Structure formats: structure tokens, C-alpha cells
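Undergrad: Following is a predicted model, sequence given first.
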Amino acid sequence: MTGYVSEATRFLEDYLSNHPEQREVARQGRALWWDKPQDAETTAQFAAARVPTYPYSYDTSHPQLDPFRADGYRLALPPRLAAQVAQRSVPTERA
């Protein structure tokens, strides 16, 4: 007994049986985008350069994003926010 075969699956099977050249075109497309040789050294460099992400990226109260920590400010902020924090931390003299 065969199970249920959807209309989409039947269409694709019929199309591929009538157009066998499409299987080769699909293989070439896959080779173009996905089947690439892997280099272990490059993969290790990417892994070493990875920056940790935080569970909620918009949480500015995260310890690493706190500019008033005892051990100082870390450059883990987006550039625009880092510039705002840098402006606030510069002491200004009031006349």
C-alpha cells in the first residue's frame, strides 16, 4: 500500500520525468552555491575570531555593555552608542 502523495510532489515527479535535464541543472546550482571545498585552517581562524553574542542584543544593562563598571568600558557597543557613552564619560567644566 502506498501512502498519500501530495499534489505538489506528483507535479514535481511528473515534471522531472518529462524534463530529465533539470536534475543536472539542479546539481550544477548546488555545486555553485553549496558544495565548496573546506579549509581546516580558515575554519579554525573563523572560530577563533568569533565574537560572543548575548541572549537579548538590545539589553543595555548587560554587564559587558555597562560603561560604569569598575574594570572600565569594553568596546562591545554599536559605534553610535559607543560614541554617546564616550561623550558622557568626558568630564566637562561648567562655568
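TA: Perfect, I can see it now. Residues are numbered from 1 along each chain as shown.

Undergrad: now the helices for the chain?
TA: For the chain, helices defined by DSSP state H occupy the ranges 7-18, 21-33, 40-48, 79-89.

Undergrad: From the contact counts, what lies against the second one?
TA: In terms of contact count using 3 or more CB pairs under 8 Å, 6 or more residues apart in numbering; DSSP states H and E, helix 21-33 is assigned the packing partners helix 7-18. Every C-beta, even on glycine, is put in place using the N, C-alpha and C of the backbone.

Undergrad: Flag the shaky bits of this structure, pLDDT-wise.
TA: Scanning the chain for pLDDT under 70 picks out 1, 53-78, 89-95.

Undergrad: mind giving me the domain ranges of it?
TA: The chain is divided into the following domains under automatic domain parsing: 7-47, 59-89.

Undergrad: Can you add mean neighbour count and give the helices of the chain back as a markdown table?
TA: Putting the helices of the chain into a markdown table (neighbours: other CB atoms under 10 Å) gives the following:
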| stretch | mean neighbour count |
| --- | --- |
| helix 7-18 | 10 |
| helix 21-33 | 10 |
| helix 40-48 | 9 |
| helix 79-89 | 11 |
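
Undergrad: Phi and psi next, for Asp39.
TA: phi -110, psi 120 (degrees, to the nearest 10).

Undergrad: Alright, that wraps it up for me.
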